[in-house]
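> Okay, here's the prediction I keep looking at, along with the sequence it came from:
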Amino acid sequence: MNIQWFPGHMAKTRRILAENLKLIDVVIELLDARIPSSSKNPEIDSIIKDKPRIVAFNKSDLADENVSREWERWYKQNGVSSVFIDSIRGKAINQLKDRLRELVKDKLEKYRQKGIIARPIRTMVVGIPNVGKSSLINKMAGKASAATGDKPGVTRGKQWIRLNAELELLDTPGILWPKFEDPVVGMNLAFTGAIKDDIIDTVEVSAELMARLSQTYPRSLSERYKLDTTEGLNGLELLEKAGRKRGCIVSGGEIDYHRIAAIVLDEFRGGKIGRISLEKPNPVDS
């Protein structure tokens, strides 16, 4: 399945980012720790250019810790500051704030030398839909400043938010890019909920996820769905087995594929299958 999704408001978002970048001291690029490559908008680098940036890997509590350490080393080798956070529980939020201060300390010192003492750090969070931008902003602010939701596309406009005396943040909607060149990227975004379920074939997506996990995390998959084996089975067969174990049966003993597909996607996104990372750094680029 070749997944494409580019709502009209996202073209507007690209313009908002470009137009407001001159007001920003440092950019927070928010990625999904489970899919760092697929959740990285390839247009962001060309938009923010040489603007100071910190990469925050959100939903790190759902990702494989060993793989996350690989990503941390990879970004460090490539000269990019990164931090792994959990915007729901507030993990490493203070560390993120410290990194922001570090990246702009020289600029703020120049302001102080000019007599501008109280000027806050101005930052902007950029990332794809449903990566947790609004939750991060609210956690940094300590209050519900931005709209949140478990579906992509909740934030539709821009708004400045004063987090505290030293930090001001521009909230922008999530932004995808016009075309996914690699179908695997589209599938990874569908797995994690960055693309709305109502525009994809959830059965096909769930079956593909089962097939992927049977290769990378077979034990976690087997334990969660009480499967005696995953070897030699394709995604749809695995989905059928899981459906029977969970009682997703309709009249005539047929599997309710849509029901078990929804269960699998929900449990993967909630970390119930285990801490799973779907992508590792490319060793060629490291």
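Alright, I've got the coordinates. Numbering: from 1, shown residues only.
> contacts, neighbours, all on C-alpha from now
Will do.
> distance between the ends of stretch 54-67?
For stretch 54-67, the first and last residues are 19 Å from each other (Cα to Cα, to the nearest Å).
> Give me the contacts around it.
Contacts of stretch 54-67 from elsewhere in the structure, counted by Cα atoms under 8 Å, 6 or more residues apart in numbering, are 26-34, 36, 68, 80-87, 96, 99-100, 131-132, 269-271, 274-277, 280.
> Now do the buried residues in that stretch.
By neighbour count, with 16 or more other Cα atoms under 10 Å as the criterion, the buried positions of stretch 54-67 are 54-65, 67.
> ok, S220 touching G274?
Yes: S220 is within contact range of G274, at 6.2 Å (criterion: Cα atoms under 8 Å).
> Looking at the two, which one has more neighbours?
When S220 and G274 are compared for neighbours, G274 comes out ahead with 20 against 17, by other Cα atoms under 10 Å.
> phi, psi of that one?
The phi and psi torsions at G274 (degrees, to the nearest 10) take the values phi 140, psi 180.
> What's the separation between it and G132?
20 Å.
> Also R244?
R244 is 34 Å from G132, where distance means Cα to Cα.
> Which of those two has more residues huddled nearby?
When R244 and G132 are compared on other Cα under 10 Å, the one with more neighbours turns out to be G132, at 23 against 16.
> you'd agree that one is up against R89?
No: under the criterion of Cα under 8 Å, G132 is not in contact with R89, lying 11.8 Å apart.
> Show the pLDDT at the spatially most distant residue from the centre of the chain.
The outermost residue of the chain relative to its centre, with distances by Cα atoms, centre = their mean, is G252 at 40.3 Å. As predicted, G252 sits at a pLDDT of 90.
> for it, phi and psi?
The phi/psi pair for G252 (degrees, to the nearest 10) reads phi 90, psi 10.
> Pull the contacting residues for it.
With contacts defined as Cα under 8 Å, 6+ apart, G252 is in contact with no residue.
> Below-threshold pLDDT in the stretch 1-150 of the chain: ranges please.
Along the stretch 1-150 of the chain, segments meeting pLDDT under 70 span 1-13, 118, 143-150.
> quick one: the helices in it?
Secondary structure of the stretch 1-150 of the chain (DSSP state H, counting those that start in this stretch): helices located at 8-20, 44-48, 65-77, 93-113, 133-141.
> quick one, which of these is nearest to R119?
helix 93-113 (7.9 Å; Cα to Cα).
> Show me the contact partners of that closest one.
For helix 93-113, the external contacting residues (Cα under 8 Å, 6+ apart) are 25-26, 52-54, 56, 81, 83, 85-87, 117, 119, 121, 139-140.
> Now the buried members of these.
For the contacts of helix 93-113, burial is judged from neighbour counts taken by 16+ other Cα under 10 Å, and it is met by 25-26, 52-54, 56, 81, 83, 85-87, 121, 139-140.
> Dump those to a markdown table, plus distance to F191.
As requested, those are arranged in a markdown table below (distance: Cα to Cα, whole Å):
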| residue | distance to F191 |
| --- | --- |
| D25 | 34 |
| V26 | 30 |
| P52 | 31 |
| R53 | 27 |
| I54 | 25 |
| A56 | 20 |
| S81 | 27 |
| V83 | 23 |
| I85 | 20 |
| D86 | 19 |
| S87 | 20 |
| I121 | 35 |
| K139 | 25 |
| M140 | 27 |
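> From these, which land in strands?
In this view, the buried ones among the contacts of helix 93-113 that belong to strands under DSSP state E are V26, R53, I54, A56, S81, V83, I121.
> Nearest to N188 among those residues?
Taking Cα to Cα as the measure, N188 sits nearest to A56 out of those, at 18.6 Å.
> Tell me what that closest one is bridged to.
L30, V83 (DSSP bridges).
> go on, W160?
Listed by DSSP bridges, the beta-bridge partners for W160 are L170.
> give the contact list for it.
Residues in contact with W160, defined by Cα under 8 Å, 6+ apart, are E168, L169, L170, D171.
> The second one is in contact with V126, isn't it?
Pointing back at L169 there. No: counting by Cα under 8 Å, V126 is not a contact partner of L169; they are 11.0 Å apart.
> ok, R99 to V55 distance?
R99 sits 10 Å away from V55 when distances are taken as Cα to Cα.
> now swap in I137 and tell me
Taken as Cα to Cα, the spacing of I137 relative to V55 amounts to 15 Å.
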